[in-house]
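Asker: Could you look at this predicted model? Sequence included:
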Amino acid sequence: MPNAEPAKSSVTNPGQADGNSVLIRGGFHWDAQNAYLFDIDGTLLRSRDRIHFNSFASSIHQVTGLDVTLDGVLLHGGTDTAILAEAFALAGVAPEVWEPHNEAILEAMRRTVLGRRAEMQIWTMPAVQETLAHLAGRGALLGLATGNLEEIGWAKVEEAGLRAWFHFGGFSDRFRVRSEMVADAAAQARSLLPQMTAPSICVVGDTPRDIEAAHANGLPVIAVATGNYSFAELAALEPEACAVSLAELMALITSAGRS
Ligand SMILES: [Mg+2]
């Protein structure tokens, strides 16, 4: 954890009548970090198609002939590689049966999703472009930290028109455990900022798993309730900043008279 018992302060956006829409822990400057690691699904964007989701079962069937679904698998904040392993576990398929096919299944997923990218229906979350522009304008290095496989993650970000903001990324191809993927992304950020001895690196995500993975690495985290979890659910896990969406954070700047 970055701080033992930091003081808390909260700010209510005047546009929201029902309780807090932004909470920032004392001393944390959400837009003054040296680097940011953005989650994709539920944070930057949402895919209204089911192309990525459906690619799990279709790729498993294509490679192994087995019918394995994602029923019962906790998807939100999960890594693609862990979701695959959990789906097999819930289906009662032993690791020694499917793990030899792991790479072939992942490759089938990449080819399936990339082959259908023209059918993707992507919604960008509120104020994403403005937030990325604001942070980049303040000199921050922007990267991804996502449970997506690399090629799939970049394809979604490209389709959303966000590719130009991001210089690097952590992906799940080599990491089933989210905190290990975040550690890899943070290491990339540090290597891209060689002039800084200890750059501040902040995770931005929409699930309890993003918060846990950031804190496991000693990194602060901005949690946004644009995915499957409410503001209250995320705030309870004590992220350094929590907001209904990035728009509420950006509104703080406007209301503070900064540009
Ligand atoms: Mg997410």
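Answerer: Yep, that arrived.
Asker: all contacts plus neighbour counts: C-alpha atoms, from now on.
Answerer: Noted.
Asker: tell me the centre residue of this protein?
Answerer: The chain has residue 39 as the residue nearest its centroid, 1.6 Å off, counting by CA atoms, centre = their mean.
Asker: residues in the stretch 151-259 of the chain within reach of the ion, list them.
Answerer: Neighbours of the ion within the stretch 151-259 of the chain, by CA under 5 Å from the ion: none found.
Asker: Please, where are all the helices along the stretch 151-259 of the chain?
Answerer: Listed in chain order, the helices of the stretch 151-259 of the chain (DSSP state H, counting those that start in this stretch) span 178-192, 208-216, 231-235, 246-255.
Asker: what would those helices look like in TSV with mean pLDDT and mean neighbour count?
Answerer: Output for these, formatted as TSV (pLDDT from 0 to 100; neighbours: other CA atoms under 10 Å):
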stretch	mean pLDDT	mean neighbour count
helix 178-192	98	21
helix 208-216	98	22
helix 231-235	97	19
helix 246-255	92	18
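Asker: residues contacting the residue in the stretch 151-259 of the chain that the ion sits nearest to?
Answerer: Relative to the ion, the nearest point of the stretch 151-259 of the chain is residue 206 (5.0 Å; CA to the ion). Taking CA atoms under 8 Å, 6 or more residues apart in numbering, we find residue 206 in contact with 39, 42, 43, 77, 223, 224, 225, 226, 227, 228, 229, 234.
Asker: What subset of the residues you listed is buried?
Answerer: Neighbour-count burial (16 or more other CA atoms under 10 Å) applied to the contacts of residue 206 gives 39, 42, 43, 77, 223, 224, 225, 226, 227, 229, 234.
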